[in-house]
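1. Next comes the sequence, and after it the predicted model I'd like to discuss.
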Amino acid sequence: MSSSLAGLAHVLSVALVAATPVAPVEWSRDSRWIAYTTVESSDATALPSGWMLAPGGVPDATHSAPVVPQRIYRIWATEIKSGESVLIEESPQPLSSPSWVASGRTLVYGRFNPTEGEGGSTQHGRFEVVVRSGLDRRQTIAVEADLELNAEDRVAIARQKLAPSPDGRRVAVPRPGAVAGLWLVNLTDGRTALTLDGAFAPAWSPDGRRMAFLKEIPVPEAEPAVQVHLLTAIGGSDQVLRVNASALTASLLAWGQDGQSLMMIAGPGGGAFRTRNVSLVRVGLEGGYATPVSTLESISPTNVPGRMRGPATMGGDPRPRSARVDLTMDAEQDQGVCLINDGQEQVMRWCSLVGQNTYDRFHPLDSGLQLGAPAISPDGLNLAFRVDDGGGAGLVALFDLTTKETIPVAPDLSSRRRWLDRLASCALDLLQTWLPSPTGDGEGVRATVLPILGELGGFHPRQFRLKRLAKFASGPLTSPPAAPEDGLEDFRLFFAYLAQDYDAAERLLAAVESTAETPRDRLRWMCLRAQILMSKGEVGRARGIVSYLERETRGSRSSIEETAGGYSLAAVADPTNAWATHLETIAGDGTLQRTGKSTNELGSHGETADAINLGGWAPAPDQMPIAPFAPNPNGLAVPPDEFGIIPFRRRLPNLGDAPPPPLDIQPPGMLPRFTPPPVPGLRVVPLEVQP
């Protein structure tokens, strides 16, 4: 790999697997393609069948992972402009992450082939290097004939990446296993020229004559120290580069553009009572002096409560806070993106490494999703990253640094389903920790996991997060191959409801409802239909369904109980009846009737029921939703809703604003009557017009 791409964070050792749990993504030199590995695992976290009907959307106790997880490894190449993907290789055996050779037309990756007929947690097999120069052209090089790997070592292969030299003649191959190491393989003759025990994170110089790598040195009662090594003559011995700096981390090793220095990250040093910086440093090959280049992140001081001013630590722990920073740089090494993880939250920082300017701090998806492996394109316009999905490699997404648009990359149906599963799980977590239990009957009182629109009333940050998740899901839901039989109807219904597209939700509910296996499930889907009609303002249809549900679920089951006087029958409360009763309460007289007009009943002016009740004012379609049963500001005394809140309040006008809309409704085509507000101490005298 050339030095222009060596700025990507290298994660090539099992020792680094715990710190970075996702596989890297490789950009081509012209920024047109990305290459990556996906892992479809049967033990990855997944929502069970009927997850929208399950209490709280949590898998039941019978849903458990198989004893022996099955995995399918795939290597893809995706074109950024068109979004089209090409399957490079598919195998049930572990495949490493791919790397582009300097020509940009060849991919190289590793592959483990276990011995035939051997199973169990530990397997013997052959490790190979595959050079793929076309879909029908490949060269296979056997590097190790007998390699013993356990289950964890085999899973870690997907997180490793080979490093080819700039001339494409040699490649540094990370050795799988508990002990780190590198094989230096000649691609021309297929020989293993050198083995470097304990080495990881290889980086080639721009001329391809030298290779730098890292080793870890144990330190008593502390984290291992990072040692920089330099291999000057291929086939010869390596030398240790004495670096005049402390706290060097293994998250980055790249050559500078001058070819006479190395770029590394120095972690925070010092105690808990001072601001500590994570910095990008330049290490000179002559003398090993480390010169600071840019401050990537500053960590605020902590203290013991009662001893100094400042933020207190948890339980009075005086240990300093730590933060992991993964940096990726563009081809010119003048701008980069840092993934900052302080153990509590993650944030991306797009910055200028030379001018120390921060362009933006953002999270490209949602804070409930774990990110990793950031990789900026060589032209500095796009960012690729991974989202942890529990499968060992992670899902791939793209972020346009100019338009701020996030695009999930889903090349096949398996990736689409895992994307939707991860986004839906994140949305369910937001709903479960936010929504109240209206009837107080505990878990399971809701018919489905989807809330009533009134519960989402008001301006709340979680509403923006739910709508963002629904927006991100639109890509995997519509990208090809999209077919009615793809089994994604429940996800389409779920995200259409969160996006407040109730017409689409009503259509999709018919398809999902037809798959109900029991009469009780059909009743619960009918509850959701009533919720959709309420949100659309179709009160008459909603009340009819709710009344039917309340009758059908009232005392529908009985149980035989043994008492002192003998056996007796006792009615068993149906959880669906509790939610149907709640729907009947909020759909009663004086609640939904105030917004009971449909859009067709309002004439041809395109006004909504909310606009009628709010004196002609209505929010823009892209604003947050308001409750369909909001109080009428025309002077009617309306109590708060059943959650004790008023979903919507009119914004108070500022000085210089246009006059507020009239409180009474004017006939169409007439100008509104405007009465100026009274001013204290000033009497308004009406103007008399003489005939």
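-> Received the coordinates, thanks.
2. Please count neighbours and contacts with C-alpha atoms only from this point.
-> OK.
3. tally of neighbours for residue 72?
-> 15 (other C-alpha atoms under 10 Å).
4. contacting residues around it?
-> Counting by C-alpha atoms under 8 Å, 6 or more residues apart in numbering, residue 72 makes contact with 39-41, 90-93.
5. tell me the average confidence for the longest helix along the chain?
-> The helix spanning the most residues in the chain, taking DSSP state H as the definition, is helix 413-432. Taken as a whole, helix 413-432 carries a mean pLDDT of 91.
6. what comes up buried for it?
-> Across helix 413-432, burial judged by 16 or more other C-alpha atoms under 10 Å covers 413, 415-428, 430-432.
7. what does stretch 27-36 give?
-> Applying 16+ other C-alpha under 10 Å to stretch 27-36 flags 27-29, 31-36 as buried.
8. Name the nearest of these relative to residue 227.
-> residue 27 (27.8 Å; C-alpha to C-alpha).
9. Can you tell me which of the buried residues of stretch 27-36 is closest to residue 112?
-> Nearest member of the buried residues of stretch 27-36 to residue 112, counting by C-alpha to C-alpha, is residue 36, at 17.0 Å.
10. quick one: pLDDT of that closest one?
-> On the pLDDT scale, residue 36 gets 96.
11. try residue 319
-> Reported pLDDT for residue 319: 53.
12. Then residue 348?
-> If you check residue 348, the pLDDT there is 95.
13. Ok, residue 64 next?
-> 48.
14. likewise residue 397?
-> 96.
15. any idea what the nearest residue to it once chain neighbours are set aside is structurally, helix, strand or coil?
-> Nearest residue to residue 397 in three dimensions, chain neighbours excluded: residue 408, at 4.3 Å (C-alpha to C-alpha, 6 or more residues apart in numbering). With DSSP: H, G, I helix; E, B strand; the rest coil as the basis, residue 408 sits in strand.
16. Over to residue 466?
-> helix.
17. residues touching it, list them.
-> 427, 430, 498-499 are the contacts of residue 466 under C-alpha under 8 Å, 6+ apart.
18. Select, from those, the two members most distant in space.
-> 430 and 499 (14.8 Å).
19. okay, the contacts of residue 466 in JSON lines with distance to residue 268 next?
-> Below are the contacts of residue 466 laid out as JSON lines (distance: C-alpha to C-alpha, whole Å):
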{"residue": "427", "distance to residue 268": "35"}
{"residue": "430", "distance to residue 268": "34"}
{"residue": "498", "distance to residue 268": "42"}
{"residue": "499", "distance to residue 268": "43"}
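20. Extract the C-alpha set from the longest helix of the chain and format it as CSV.
-> Taking C-alpha atoms only, helix 413-432 is exported to CSV below (Å, rounded to 0.1, in the frame of the first residue of the first chain):
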residue,chain,number,x,y,z
LEU,A,413,-30.4,-9.0,0.9
SER,A,414,-28.4,-10.3,3.9
SER,A,415,-26.8,-6.9,4.5
ARG,A,416,-30.1,-5.1,4.0
ARG,A,417,-31.7,-7.2,6.6
ARG,A,418,-28.9,-6.7,9.1
TRP,A,419,-29.0,-3.0,8.5
LEU,A,420,-32.7,-2.9,9.2
ASP,A,421,-32.4,-5.1,12.2
ARG,A,422,-29.7,-2.8,13.7
LEU,A,423,-31.7,0.4,13.0
ALA,A,424,-34.9,-1.1,14.3
SER,A,425,-33.2,-2.3,17.5
CYS,A,426,-31.8,1.2,18.0
ALA,A,427,-35.3,2.8,17.6
LEU,A,428,-36.9,0.2,19.9
ASP,A,429,-34.4,1.1,22.6
LEU,A,430,-35.4,4.8,22.3
LEU,A,431,-39.1,3.9,22.5
GLN,A,432,-38.8,1.5,25.4
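21. what helices or strands is that helix leaning on?
-> helix 461-478 (3 or more C-alpha pairs under 8 Å, 6 or more residues apart in numbering; DSSP states H and E).
22. which of the residues in the helix it packs on are buried?
-> Buried, per 16+ other C-alpha under 10 Å, within helix 461-478: 463, 465-477.
23. repeat for stretch 229-249
-> For stretch 229-249, using 16+ other C-alpha under 10 Å, the buried residues are 229-232, 238, 241-243, 248-249.
24. what about it, average pLDDT?
-> pLDDT averaged over stretch 229-249 gives 80.
25. when you give positions from now on, start the count at 380
-> Happy to do that; since the first residue is 380 now, the last one works out to stretch 608-628.
26. Now residue 605: which helix or strand?
-> strand 604-610 (DSSP states H and E).
27. Just list what the next helix or strand after that strand packs against, helices and strands only.
-> Next helix or strand after strand 604-610 toward the C-terminus (DSSP H and E): strand 617-620. In terms of contacts (3+ C-alpha pairs under 8 Å, 6+ apart), strand 617-620 is packed against strand 604-610.
28. May I have the strands that pair with the strand or helix carrying residue 657, each with its orientation?
-> Using DSSP H and E, residue 657 maps to strand 655-663. Next to strand 655-663 in the sheet, as set by DSSP bridges, lie strand 640-645 (antiparallel), strand 669-678 (antiparallel).
29. Which residues belonging to the longest one are considered buried?
-> Buried residues in strand 669-678, counted by 16+ other C-alpha under 10 Å: 669, 672-676, 678.
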